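Participant: give me a model of this one.
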Amino acid sequence: MKTIQEILSSGTAYLESRGIEGARHSMQCLLVHVLGCSKTWLYLHHDDPLKEEQLAPLRDLLRERGKGVPLQHLLGTTEFYRREFRTDARALIPRPETEELVEMALQRVKQRPGMRVLDMGCGSGIIGITLALELAAVKPDVVMADISESALALTLENAAGLGAKVRTYRSDLFEAWTAKDDNPVVPPADFDLVLANLPYVPDGEAVSAEVTHDPATALYGGADGLDIVRRFLRDALPHLADNCLVMLEVGHDQGHATAAIMQELGYLNCQVLTDMSGKERFPMGYAPQRVTPEQAADHE
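Facilitator: All right, here's what the predicted structure looks like:
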């Protein structure tokens with residue numbers, strides 16, 4: 001029988017031969033998953049032998065990982081902001097940078113009781129659910145929207161599992177905010193905080209083997225990748241409270257272009273924040289003060 005250390009080494013070599021990034025990390029996670037142990041236990045028992053019945057499921061997972069199937073899909077969960085979220089092919093795999101977006105938003109937003117929060121393009125729900133839990137002391141009204149029914153189902157599963165109070169709406173951006181006969185329940189507006197991680201990959205741009213397992217609707221955003229972002233920033237304005245903080249996650253070379261769009265639309269104090277790698281991927285700005293019809297008439 002082979003030891004844990006031998007299995008770890010051979011599995012790592014197998015994944016490396018297939019061009020899998022972070023091969024050793026993947027192999028450790030697969031072993032932890034199959035054995036139901038911690039990484040610390042794995043280290044302390046590296047000389048323990050593994051039985052054949054333990055190796056069989058590991059081989060299946062290792063084969064799929066070697067094909068480029070994301071580790072998060074194989075494990076069924078991923079950690080985000082110290083919590084375990086269910087992840088599968090129904091939504092975009094959470095990226096580490098998105099944790100930074102949430103942290104920056106929490107540092108900047110003015111918290112108030114009953115504040116309204118919007119997570120547009122929520123996917124698996126990591127942003128909105130995390131905000132609902134981190135802002136629980138002020139009992140926020142958290143709204144989450146996505147064009148995909150299956151993504152919203154995943155969001156609700158994660159919200160239920162983590163005890164987060166949120167509301168979900170199926171919507172192509174702000175389409176659900178327009179009352180229709182078949183859509184009598186219109187989502188709330190006047191948001192104080194809006195975060196969005198929308199599709200931003202330019203059409204036709206090559207992506208990694210792992211990213212191809214994400215839904216195409218969560219990836220591609222037109223010729224320059226910013227078509228959906230432009231529409232979102234334009235259509236959001238009527239639904240934002242004065243001075244609402246709006247933050248997005250975009251591609252590493254799209255931050256300034258997005259901030260320029262925000263400025264053209266009238267957002268205030270627009271800037272681009274960098275991630276821990278120095279990539280300018282978090283454009284942000286504040287909603288301008290809205291002018292009511294009465295105020296407009298006073299200035300005529």
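Participant: so what's Ser124 up against?
Facilitator: Ser124 makes contact with 85-87, 90-92, 94, 151, 154-155, 158, according to Cβ atoms under 8 Å, 6 or more residues apart in numbering. Just so you know, the C-beta spots here come from the backbone N, C-alpha and C atoms, and that holds for glycine as well.
Participant: for it, which non-adjacent residue is closest in space?
Facilitator: Ala91 (4.2 Å; Cβ to Cβ, 6 or more residues apart in numbering).
Participant: on that earlier part again, of the contacts of Ser124, which belong to helices?
Facilitator: Cross-referencing those against helices under DSSP state H gives 151, 154-155, 158.
Participant: closest to Ser38 out of the residues you listed?
Facilitator: When the ones in helices among the contacts of Ser124 are ranked by distance to Ser38 (Cβ to Cβ), Asn158 comes first, at 22.8 Å.
Participant: got the contact list for the closest one?
Facilitator: Asn158 neighbours (Cβ under 8 Å, 6+ apart): 85-86, 124-126, 129, 164.
Participant: ok, and the most crowded of these?
Facilitator: When neighbours are counted by other Cβ atoms under 10 Å, Gly125 leads those with 30 neighbours.
Participant: how about that residue: what's its closest non-neighbour residue?
Facilitator: Thr155 (3.3 Å).
Participant: which pLDDT value belongs to Asp214?
Facilitator: For Asp214, the model assigns a pLDDT of 53.
Participant: sorry, slip of the keys, the one I care about is Pro70.
Facilitator: 87.
Participant: where does pLDDT dip in the stretch 101-250 of the chain?
Facilitator: 179-184, 200-223, 225 (pLDDT under 70).
Participant: report the beta-bridge partner residues of Met120.
Facilitator: Note on Met120: beta-bridge partners by DSSP bridges are Ala145, Ala196.
Participant: can you give me the helices in the stretch 151-300 of the chain?
Facilitator: 227-236, 255-264, 293-298 (DSSP state H, counting those that start in this stretch).
Participant: can you put those in a markdown table and add distance to Arg63 and mean neighbour count?
Facilitator: Output for these, formatted as a markdown table (distance: least, Cβ to Cβ, whole Å; neighbours: other Cβ atoms under 10 Å):
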| stretch | distance to Arg63 | mean neighbour count |
| --- | --- | --- |
| helix 227-236 | 36 | 20 |
| helix 255-264 | 39 | 19 |
| helix 293-298 | 64 | 8 |
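Participant: cool, thanks, talk later.
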